[in-house]
Structures are given as structure tokens and as C-alpha cells.
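[1] Below is the structure, and that's it, no one-letter string:
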């Protein structure tokens, strides 16, 4: 019996030591400058900034249901409570617990975080200037797009221009939509015009990335005109 207990103690000690080694790992999910150090990593980090657009909180569901909210379509579906959150929005009777509104409020924020992470890390990387410019341009375009969605739907919204970190305020005050147009959306889009390649300059494997199609002067005038109109 003593031998069994002794053997069990040895096995337990071995198990605890092994668990300690197994659990004591670096935070691999941390996108710090130390872990992003080559072109492949820079491109992968930039690719992540597109991903929130594919989620149900944005273009995989909620964004196209805005056509119903606008009165251009009907919910249809299975009746009863099916699509009730969209019906409430369309009828202007949605409360703070309406999960379609909550989805649209939350949906762009992961994209903003990923864009801010790109913009915080990639400018200082020792990589090809063309890739660096492209990644920064994509992140600027995407951040402007995410904030455009937010201000179009909610007006004044919290503004973040750097990656979130522990200890940050979890309930930041709203910034006026006029300030977000002036300080973020328009400058980001103008920077994107200068940094992004034209669509025809992409290889076939990169088609679908943010690009510029209009001549730079025309694009800048259009953005400034739209920004002035929308920020009134």
C-alpha cells in the first residue's frame, strides 16, 4: 500500500511540473512589434483588419438588413418573432436591448482595433516600402470605412486611434461626428489615396484589396466635398 501511495505522489509531482511548463507560455496573440517583423506578418495583420466585415454584425447580416429598416424590403422569414429586432428598428420602437442595434454598434469596433494595431506597428518595420505603404493605406481606408458606418448609424461615437491595452477606459465619452469626419475619416481617406496602388497594379492573388481607381486629384475633391456635406 505504501508503495502505491509513494508511486502516486511521484506521478502527481510529475504531472504538476508538466502542467506548469505547459501553461507557462508567452501571450502569442499579442501583435507587438517584436512578433511582427517581416512582410508576411505585416500582410497577415492587415488581412485581419478586413475580417470583421465578414461577420454577422456587419456585412454577413446586419448591414444588409438595413435595407429592411429603410423600408425598401420586408423581413419575410418564418413569422412570429423571427426578425423582430429588424422590425422594431424599421418601426422606430427599438429599445437598448435590441440586439440588431447592439450588433451594429459593436460590429465595426474590432475592425477599428485591428486597423489601429496595423498603424501602430507597421510604420516602424524594416520591410519593403511598397508593402509598408500598401498595408498602411489599407488600414487607413478600412478605419475610415468602419467609422463611416458608426457615424452614419449613431452620430457621435467613441473614438480610438491607438490599440486598446489593459487599463484603458472601458466607457470612453463620445466624440462628435463632425470631429470624426474632420480628424479621422477624411484624413485617413486622403492618406489612403496617396499610399494605395491602383487596382490594375495588384497581382491576381491580391485583387479585392482596397485600391484607388479615380485620379488622385478627382478622388481628393470628391472626398472633401462629401465630407463637408456630411459633416454639416
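    Great, that's in hand. Quick caveat, the model's predicted, so the values are computed rather than measured. Numbers count the residues shown, from 1 in each chain.
[2] the helices in the protein, which residues?
    Assigned by DSSP state H, the chain shows helices spanning 2-23, 39-50, 62-69, 84-90, 99-106, 108-121, 129-154, 177-180, 186-195, 216-230.
[3] Quick check: residue 47 vs residue 84, distance?
    35 Å (Cβ to Cβ, to the nearest Å). Every residue, glycine included, has its C-beta placed from N, CA and C.
[4] Tell me, what's the model's pLDDT at the closest residue to residue 88 other than its chain neighbours?
    Nearest non-adjacent residue to residue 88, counting by Cβ to Cβ, 6 or more residues apart in numbering: residue 94, 4.2 Å away. Residue 94 is assigned a predicted lDDT (pLDDT) of 87.
[5] you'd agree residue 94 is up against residue 84?
    No: the criterion here is Cβ atoms under 8 Å, and residue 94 misses it with residue 84 at 9.9 Å.
[6] Just want to know which of the two has more residues nearby.
    Shown here are residue 94 and residue 84; by other Cβ atoms under 10 Å, residue 94 has more neighbours (19 against 15).
[7] dump the residue contacts of the residue most central in space within the chain.
    Geometric centre of the chain, nearest residue: residue 111, 0.3 Å, by Cα atoms, centre = their mean. If a contact means Cβ atoms under 8 Å, 6 or more residues apart in numbering, then residue 111 has 49, 50, 51, 52, 53, 58, 142, 143, 145, 146 as its contacts.
[8] how close does the third one sit to residue 115?
    Relative to residue 115, residue 51 is positioned 11 Å away (criterion: Cβ to Cβ).
[9] ok, those two, which is more surrounded?
    Using other Cβ under 10 Å as the criterion, residue 51 and residue 115 rank with residue 115 on top: 31 against 11.
[10] Next, the contact list for that one, please.
    Residue 115 neighbours (Cβ under 8 Å, 6+ apart): 49, 139, 140, 142, 143, 146.
[11] Would you mind putting the residues you listed into TSV with pLDDT, neighbour count and distance to residue 127 alongside?
    Formatted as TSV, these follow (pLDDT from 0 to 100; neighbours: other Cβ atoms under 10 Å; distance: Cβ to Cβ, whole Å):
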residue	pLDDT	neighbour count	distance to residue 127
49	96	27	17
139	97	28	14
140	97	26	17
142	97	24	19
143	97	27	20
146	97	24	25
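[12] possible to save those residues as JSON lines with distance to residue 205?
    Shown next, in JSON lines, are the contacts of residue 115 (distance: Cβ to Cβ, whole Å):
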{"residue": "49", "distance to residue 205": "18"}
{"residue": "139", "distance to residue 205": "19"}
{"residue": "140", "distance to residue 205": "22"}
{"residue": "142", "distance to residue 205": "19"}
{"residue": "143", "distance to residue 205": "24"}
{"residue": "146", "distance to residue 205": "25"}
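[13] which one of the contacts of residue 111 is nearest residue 184?
    residue 143 (7.1 Å; Cβ to Cβ).
[14] List the contacts of that closest one.
    Residues near residue 143 by Cβ under 8 Å, 6+ apart: 49, 111, 112, 115, 116, 119, 184, 188.
[15] Would you mind measuring from the second one to residue 146?
    Distance from residue 111 to residue 146, counting by Cβ to Cβ: 4 Å.
[16] contacting residues around residue 95?
    residue 88.
[17] can you do 10 Å?
    Contacts of residue 95 were listed using Cβ atoms under 10 Å, 6 or more residues apart in numbering, and they are 88, 101.
[18] what do you get for residue 101?
    Here residue 101 is in contact with 62, 69, 85, 88, 89, 94, 95, 153, 154 (Cβ under 10 Å, 6+ apart).
[19] and of the residues you listed, the nearest to residue 205?
    Distance to residue 205, by Cβ to Cβ, is smallest for residue 62 among these, at 29.6 Å.
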